[in-house]
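[1] below: sequence and its predicted model.
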Amino acid sequence: MALDGTLTAAAEDFAKVPQARATEQVIGEITRPLSLAEKIWNQALVRKIVILLLLAVAWQMYSQQLKNPLMFPTFGDTASALWSAFEKGELGSRVLVSLRVLLGGYTIGIVLATFLAALANGTRLGNDLLEVLTAMFNPLPAIALLPLALLWFGLGNGSITFVLVHAVLWPVALSTHSGFASISSTIRMVGRNYGLTGFRYVVQILIPAAFPAILTGLKNGWAFAWRTLIAAELVFGVSSGSGGIGWFIYENKNQLEIAYVFAGLLTVIGIGVAMDSLFRLLEQRTVQRWGMKF
Amino acid sequence: MASKTPLLDVQGVTIQYKTSDKLVTATWRVGFQANRSDRLILLGPSGCGKSTLLKAVGGYLTPAEGNISLDGHTIVGPGPDRMMVFQETDQLLPWKTVHQNVAFALTASGRASKIEANDQAMAAIRTVKLDKFADAYPHTLSGGMKQRVAIARCLAMKPEIILMDEPFAALDALTRQQMQVELLELWSQSKFTMIFVTHSIEEAILLGNRIVLLTPHPGQVKEILDVDLDDPTNRFYGGFNELRDTIHRVLFRDVQDYVI
């Protein structure tokens, strides 16, 4: 019987084996396409839009409960103010005025910064000049120069351009300079091996080689310029006929059209976000593609 | 006396450079010549000024004493008639593809028009067997492939002389051996003149037809040897070992005397 028992046990063991194999074979799904909902939720843009919608809902709920349109208009009121301001063409032309001034100051600032950085790259004295100037002027807020600018250039775009150039020049010069300084001596020697000198050497070798740092500088310069511009227009717009978007905000605040003030601020934010994505696109097309992430 | 004038003539060249607190003599009255189609090796331990010497030939450094001339003209600065291949794998312009890198060298130096440069660049890339990677950016290539592009760039430029500064030193051993063989194949195709700096005795024997032995502090020419082996690629063959021992003895003669 004992023998028989062990035999049955062995037989049972034996019988278990194929079953065990069968369960081993099932190791679950190897690949499975994600559901549509999962795919959508994996998009960063979708998640960000959801966050924006939640913020808008929170805004609407809070302001409806507050019932004080003079202090805090509802999201609905702000949206309709934004729509009507654009529809009348008023906000659009203000944005254009602002962007035109901005572009002028930004361009002059970049050209001067490039020139200064190239000079600093070529000569020891130029290097000292750049270091002294940036140490002095980079910490000086551009808006602090506005009274002086008004004195020198009068009321008008000249003054704003002046402070914009100041806002852009130093951060861009600094990062371009550090970008040039970090170019490997090998790349420099390669450029000179081709017989490149002077302007062509700067444009065809130094600037692309320093582009990661330059792009960072351009981004910072843009952010400084945009803030300075809106602030300058707010101070300045008081006596200016054709102001930009800062003036639009100021004007509507004086007329207690607070929904329009909010609409102006939303426009400022919107342009900032748009420029940010433009820079990101530029970064993908250049620095990331070249494997040069700074 | 040599009946023909050498392509490259380095005569009594002393190179000095300044650090923040002292003046260092890198080479002391160094002289050697290279004829057309020579594969001249500058061989020596670190500190013998071989790279410094190559950079002086490249025109990046001016000798404190002596004269370097190419084809009878004294070298005054860098130029596309002396193309360099560096050790560093970042010598390709990262913002240009393989093809653009080679073509840009041709157009920037004025050696070819844009259209000519495209074809010539492609041909050069084909000779180093990288035509599949013509549109790739350098950061996607391996170290050996990058060095092949740098060599292709040199060949496309058709310079008077190619200056190679330890181009294979940063590569792994297997890639390095393969690159050495490929370089010899390329040489047998177009018989370019090159100066090749290395600190590997085996590499020197394998690649050179003439070896300038330099000793350090300051760099001086110890001896100039002709490599005249039946098969320099065969490392197990007697002539190879004999030459290697000779070079070893010359380079470390002083040190050994001192130790014994």
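    Received the coordinates, thanks.

[2] near chain B, which residues of chain A? Just list them.
    Contact residues, chain A versus chain B (Cβ under 8 Å from any Cβ of the partner chain): A:184, A:186-187, A:189-190, A:192-196, A:200, A:204-205, A:208-209, A:211, A:286, A:289-292. Glycine gets a C-beta too; all of them are placed from N, C-alpha and C.

[3] Provide a list of residues in contact with residue A:158.
    Neighbouring residues of residue A:158 by Cβ atoms under 8 Å, 6 or more residues apart in numbering or on different chains: residue A:149.

[4] tell me which element it falls in.
    helix A:157-181 (DSSP states H and E).

[5] what comes up buried for that helix?
    A:157, A:159-177, A:179-180 (16 or more other Cβ atoms under 10 Å in any protein chain shown).

[6] quick one: list the elements packing against the helix or strand just after it.
    Downstream of helix A:157-181, the next assigned helix or strand under DSSP H and E is helix A:185-193. If you count contacts as 3 or more Cβ pairs under 8 Å, 6 or more residues apart in numbering or on different chains; DSSP states H and E, helix A:185-193 packs onto helix B:50-58, strand B:82-85.

[7] per-residue pLDDT, residue 207?
    Assuming you mean chain A. pLDDT for residue A:207: 92.

[8] ah, I was thinking of chain B
    At residue B:207, pLDDT is 90.

[9] residues near it, how many?
    For residue B:207, the count of nearby residues is 25 (other Cβ atoms under 10 Å in any protein chain shown).

[10] got the buried residues for stretch B:22-29?
    Within stretch B:22-29, judged by 16+ other Cβ under 10 Å, the buried ones are B:26, B:27, B:28.

[11] spit out the contact partners of residue 202.
    With no chain named, the answer covers chain A. Residue A:202 neighbours (Cβ under 8 Å, 6+ apart): A:118, A:121.

[12] oops, I was thinking of chain B
    Residue B:202 neighbours (Cβ under 8 Å, 6+ apart): B:235, B:244.

[13] what segments of chain B are strands?
    Ranges of strands in chain B, per DSSP state E, are B:8-18, B:23-34, B:39-43, B:65-70, B:73-74, B:82-85, B:161-165, B:194-198, B:210-215, B:220-226.

[14] what lies in contact with the last one?
    Read that as strand B:220-226. With Cβ under 8 Å, 6+ apart as the criterion, strand B:220-226 contacts B:27-32, B:209-215, B:243, B:246-247, B:250-251.

[15] which positions in chain B make contact with chain A?
    Close to chain A, as judged by Cβ under 8 Å from any Cβ, chain B has residues B:55, B:58, B:60, B:77-80, B:82-84, B:86, B:88, B:90-91, B:93-95, B:104-105, B:108-110, B:137-140.

[16] kindly recompute the last result at 6 Å.
    B:78-80, B:84, B:86, B:88, B:90-91, B:94-95, B:105, B:108-109, B:137, B:139 (Cβ under 6 Å from any Cβ of the partner chain).

[17] quick one: buried ones out of the residues you listed?
    Of the residues of chain B next to chain A, these count as buried by 16+ other Cβ under 10 Å: B:78-80, B:84, B:86, B:88, B:91, B:94-95, B:105, B:108-109, B:137.

[18] in the chain, where's the longest helix?
    In the absence of a named chain, chain A is used. helix A:90-122 (DSSP state H).

[19] I was after chain B.
    helix B:238-259.

[20] tell me what that helix is packed against?
    With contacts defined as 3 or more Cβ pairs under 6 Å, 6 or more residues apart in numbering or on different chains; DSSP states H and E, helix B:238-259 has these neighbours: helix B:201-207.

[21] CA atoms only for the helix it packs on, dumped as CSV, please.
    This file holds the C-alpha atoms of helix B:201-207, laid out as CSV (Å, rounded to 0.1, in the frame of the first residue of the first chain):
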residue,chain,number,x,y,z
ILE,B,201,56.2,53.2,-32.3
GLU,B,202,54.1,50.5,-34.0
GLU,B,203,51.8,53.1,-35.6
ALA,B,204,54.9,55.0,-36.8
ILE,B,205,56.5,52.0,-38.5
LEU,B,206,53.2,50.9,-40.0
LEU,B,207,52.2,54.3,-41.5
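
[22] can you list the buried residues in that helix?
    Of the residues in helix B:201-207, those buried (16+ other Cβ under 10 Å) are B:201, B:203, B:204, B:205, B:206, B:207.

[23] quick check: phi and psi at whatever residue of chain A ends up closest to chain B.
    Proximity of chain A to chain B (Cβ to the nearest Cβ) peaks at residue A:291, 2.8 Å away. The phi and psi torsions at residue A:291 (degrees, to the nearest 10) take the values phi 70, psi 30.
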